[in-house]
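J.: Sequence first, then the predicted structure:
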Amino acid sequence: MTPPADSSLSPETIRAHLNTRELGATLSVHDEVDSTNHILADLARAGASHGTVVVAESQTAGRGRLGRPWISPRGVNLYASILLTTAQASSAITWIPLLTAVAAVRAITTLAGLSLRVKWPNDVLVPRDGEERKLAGILVEAISGGQTGAKAVVVGIGINVNMPAEAFPEGLRPSATSLLIETGHSVARAPLLAALLEEMERLHNQLRDHGADGIAAAYQSLCDTLGKQVRIELAGNDPIEGTAEGLAPDGALRLRTREGKILEIRAGDIVHLR
Ligand code: BT5
């Protein structure tokens, strides 16, 4: 399958669809970068403002959590980073990965009509044939030394849009997917990015003005992890198994271990057991 045509991304094509006040007001589109998160972190340290967005057609060193690679071939997917600065309590910042997952699900559902689920904290998955395949990944990184008095985070998101199955490394084919694979047709990237930025702006304003309750409720209705038996793989530590009981007030995952202890998990890879 050859990737169907989708016009290249440009600030003009994205702006033509964009209906936000702040997110994307400053927007740069690159042909190739190492990582959009890296470019935007440098801009943030140099004083870039809230809502600055960096997009690339390809990444040579796209990254996931714990330095894992994010496969980023040219011209088919979305690789975007969004700068959020906020003077709010740092507890609100812990909701940003979850808020972004909700925004991504809403934008993709609207534009591609797919039913999606989320694995805690922020993997966007397509359920099909009893399996869940990863469609999008989110990497949120805190920035030190940004605007005075403000807390800044770079929200990086990769969405597999028009990537054909053969473009995935063989090892990823059973666990990863794209909108092209799921819907059988290409999806225009500019309106999808615009919809994502709109949803993120709406949810970020909601978090700022009304706190996290609404976001927690929206997240819980999309999150497949809650209520499941899970194994949590922690960097450098033995895995822990238990029941994912719910979310803590900061968005951490509440886990009841086999021994009945309640733990609050703030980082780790979740494996859904049943
Ligand atoms: C993530 O990490 O899922 C976060 C990915 C964030 C990527 C965006 S792209 C724009 C911005 N700039 C960056 O440099 N990064 C962000 P994690 O949960 O650690 O998952 C990484 C794992 O997902 C890898 O180890 C692979 O197993 C798998 N993977 C890699 N590329 C993939 C892809 N394109 N689609 C699906 N799975 C992928």
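T.: Sure thing, it's come through.

J.: Number of residues surrounding the closest residue to the ligand within the stretch 101-250 of the chain?
T.: Closest residue of the stretch 101-250 of the chain to the ligand, CB to the nearest ligand atom: Gly137 (2.1 Å). For glycine as for every other residue, the C-beta is placed from the backbone atoms N, C-alpha and C. When counting by other CB atoms under 10 Å, one arrives at 23 neighbours for Gly137.

J.: Then Thr52?
T.: By other CB under 10 Å, the residues close to Thr52 number 23.

J.: cool, and Gly67?
T.: 6.

J.: From the ligand, how far off is it?
T.: Distance, Gly67 to the ligand, using CB to the nearest ligand atom, to the nearest Å: 9 Å.

J.: State the distance from the closest residue to Pro127 other than its chain neighbours to Leu192.
T.: Using CB to CB, 6 or more residues apart in numbering and skipping the chain neighbours, the partner closest in space to Pro127 is Arg117 (5.5 Å). To Leu192, Arg117 is 18 Å away according to CB to CB, to the nearest Å.

J.: neighbour-wise, which of those two wins?
T.: A count of neighbours by other CB under 10 Å puts Leu192 above the other of Arg117 and Leu192, at 24 against 17.

J.: That one and Ile108 touch, don't they?
T.: Yes: taking contacts as CB atoms under 8 Å, Leu192 lies within contact range of Ile108: 7.0 Å.

J.: which neighbours do these two share?
T.: Residues touching both Leu192 and Ile108 (CB atoms under 8 Å, 6 or more residues apart in numbering) are Ile159.

J.: longest helix of the protein?
T.: helix 189-210 (DSSP state H).

J.: Report the rounded mean pLDDT for it.
T.: The average pLDDT for helix 189-210 rounds to 95.

J.: can you check stretch 73-82 too?
T.: 97.

J.: Dump it to CSV, restricted to CA.
T.: As requested, the backbone C-alpha atoms of stretch 73-82 are provided in CSV (Å, rounded to 0.1, in the frame of the first residue of the first chain):
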residue,chain,number,x,y,z
PRO,A,73,8.7,8.7,9.0
ARG,A,74,8.3,11.7,6.7
GLY,A,75,5.1,13.2,5.4
VAL,A,76,2.5,10.7,6.8
ASN,A,77,2.0,11.4,10.5
LEU,A,78,1.6,14.2,13.0
TYR,A,79,4.6,15.1,15.2
ALA,A,80,3.8,18.2,17.2
SER,A,81,4.9,19.8,20.4
ILE,A,82,2.8,22.4,22.3
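
J.: residues in the protein within reach of the ligand, list them.
T.: 35-37, 59, 62-66, 68-71, 79-81, 134, 137-139, 156-158, 160, 172, 176 (CB under 6 Å from any ligand atom).

J.: The residue nearest to Pro127 pairs with what?
T.: Legend: beta-bridge partners of Arg117 under DSSP bridges are Leu125.

J.: Quick one: residues contacting Leu207.
T.: Neighbouring residues of Leu207 by CB under 8 Å, 6+ apart: Gln88, Ala92, Trp95, Leu99, Ile215.

J.: Closest one of these to the ligand?
T.: Of the contacts of Leu207, the one sitting nearest to the ligand (CB to the nearest ligand atom) turns out to be Leu99, at 15.4 Å.

J.: Do I have it right that that closest one meets Glu201?
T.: No: the pair Leu99 / Glu201 is not scored as a contact, 10.6 Å apart, by CB under 8 Å.

J.: Those two: who's more crowded?
T.: A count of neighbours by other CB under 10 Å puts Leu99 above the other of Leu99 and Glu201, at 28 against 21.

J.: excluding its backbone neighbours, what's nearest that one?
T.: Leu203 (4.7 Å).

J.: residue contacts, the one you found?
T.: Counting by CB under 8 Å, 6+ apart, Leu203 has contacts Leu99, Val102, Ala103, Ile215, Ala218.

J.: who touches the helix or strand the fourth one falls within?
T.: The one in question is Ile215. In this assignment (DSSP states H and E), Ile215 forms part of helix 213-222. Applying CB under 8 Å, 6+ apart, the external contacts of helix 213-222 come out as 95, 98-99, 101-102, 105, 116-118, 203, 206-207, 226, 246-247, 251.
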